[in-house]
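K.L.:
pasting a predicted model and its sequence here:
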Amino acid sequence: MNFIQKLEAQWATSNSLLCVGLDPDLTRIPSHLQEHAEPIYQFCRAIVDATHDVVCAYKPQIAYFAGAAAEDQLQKLMEYIRLEYPHIPIILDSKRGDIGSTATMYAKEAFDRYQAHAVTINPYMGRDSAQPFLDRADRGVVLLCRTSNPGAADLQDLEVDGQPLYERLASMIAQDWNANGNCSLVVGATWPEQMRKLRKIAGDMPFLVPGVGAQGGDVEALVNAGQTANGTGLIVNSARGIIYAGSGFDFMQHARDAAIETRNLINQYRHQS
Ligand SMILES: O=c1ccn([C@@H]2O[C@H](COP(=O)(O)O)[C@@H](O)[C@H]2O)c(=O)[nH]1
């Protein structure tokens, strides 16, 4: 089963478009875990155990692990999710992008070392920088398109022949780069109007949508703008809003409650298939 098939199956069985972002900041995880030999792994594993029946995917952000010299804990976490919850797609958020020879190593890192089902990449270096990822037909390639941050417009909106660059990129990906049917786009929840235009350009291609919760994206607006005709098409990511909902011994329950609340809010605006 390739990434998109796995995602579609999980959308259906979980009845959820929610992706929990695993962004473990050592300064924010509960103090009773701080003394543990592997605090990042223990924290993320607990979040996964508390939310596994509420999500369509998980998205570990590699910077939180690498910044703490904890790549071994990321590897262990990925193994844990694959073994305990093999039906849940894991999207490694590493936003890689480089010349082809180096990109080949980044693809090995994501798909062979960490065995991610999908990886985020930065496509703005061009087709050759994405090709080593695109060639892995069984894995998903999630390409930055219109990002959630305030500065997204600085470069992504620059006009090329009267059209914003991010729209040109989306057309290029949909019409050419997606030969293996393994592409998805990153579209920020903070830009529903841009998302509506991208949905027209990209057909039913899945969108990874960061920006709800801590970044303040409007769930109703994003679901209305981005869902496909059957009420799917979105992987709505929330990290801080869920994983730091609590900070005491009961942090798992708080994370679960926040995940259920977010899943239900998203579902309120979905078309029924
Ligand atoms: O455009 C983008 C692309 C990626 N991200 C990542 O998503 C999460 C968001 O975390 P929150 O705590 O829910 O704000 C984080 O890992 C970012 O690196 C993004 O925010 N925007």
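P.N.:
It's in. Numbering: from 1, shown residues only.
K.L.:
and stretch 149-159, which residues are buried?
P.N.:
By neighbour count on 16 or more other CB atoms under 10 Å, the buried set for stretch 149-159 is Ala152, Gln156. All C-beta atoms are positioned from the backbone trio N, CA, C, and that covers glycine.
K.L.:
starting at the chain centroid, how far to it?
P.N.:
20 Å (CA atoms, centre = their mean, to the nearest Å).
K.L.:
what's the first-to-last distance across that stretch?
P.N.:
From its first residue to its last, stretch 149-159 covers 19 Å (CA to CA, to the nearest Å).
K.L.:
and stretch 1-12, how far out from the chain middle?
P.N.:
Distance of stretch 1-12 from the chain centroid (CA atoms, centre = their mean) equals 14 Å.
K.L.:
can you give me the buried ones in that stretch?
P.N.:
Across stretch 1-12, burial judged by 16+ other CB under 10 Å covers Asn2, Phe3, Ile4, Lys6, Leu7, Glu8, Gln10, Trp11.
K.L.:
my guess is the second one meets Asp138, correct?
P.N.:
Yes. The pair Phe3 / Asp138 is scored as a contact, 7.1 Å apart, by CB atoms under 8 Å.
K.L.:
picking that back up, dump the buried residues of stretch 1-12 to JSON lines, plus secondary structure and pLDDT.
P.N.:
Shown next, in JSON lines, are the buried residues of stretch 1-12 (DSSP: H, G, I helix; E, B strand; the rest coil; pLDDT from 0 to 100):
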{"residue": "Asn2", "secondary structure": "coil", "pLDDT": "97"}
{"residue": "Phe3", "secondary structure": "helix", "pLDDT": "98"}
{"residue": "Ile4", "secondary structure": "helix", "pLDDT": "98"}
{"residue": "Lys6", "secondary structure": "helix", "pLDDT": "98"}
{"residue": "Leu7", "secondary structure": "helix", "pLDDT": "98"}
{"residue": "Glu8", "secondary structure": "helix", "pLDDT": "98"}
{"residue": "Gln10", "secondary structure": "helix", "pLDDT": "98"}
{"residue": "Trp11", "secondary structure": "helix", "pLDDT": "98"}
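K.L.:
what touches both of Phe3 and Asp138?
P.N.:
Asn182 (CB atoms under 8 Å, 6 or more residues apart in numbering).
K.L.:
by proximity to the ligand, which residue of the stretch 51-200 of the chain wins?
P.N.:
The minimum distance from the stretch 51-200 of the chain to the ligand, using CB to the nearest ligand atom, falls at Thr147 (3.1 Å).
K.L.:
count of neighbours near the closest residue to that residue other than its chain neighbours?
P.N.:
Excluding its sequence neighbours, the residue lying closest to Thr147 (CB to CB, 6 or more residues apart in numbering) is Gly188, at 5.4 Å. For Gly188, the tally of surrounding residues (other CB atoms under 10 Å) stands at 26.
K.L.:
also Asp25?
P.N.:
Neighbour number of Asp25 under other CB under 10 Å is 15.
K.L.:
with Ala174 instead?
P.N.:
16.
K.L.:
from Arg263, how far out is it?
P.N.:
Counting by CB to CB, to the nearest Å, the separation of Ala174 from Arg263 is 28 Å.
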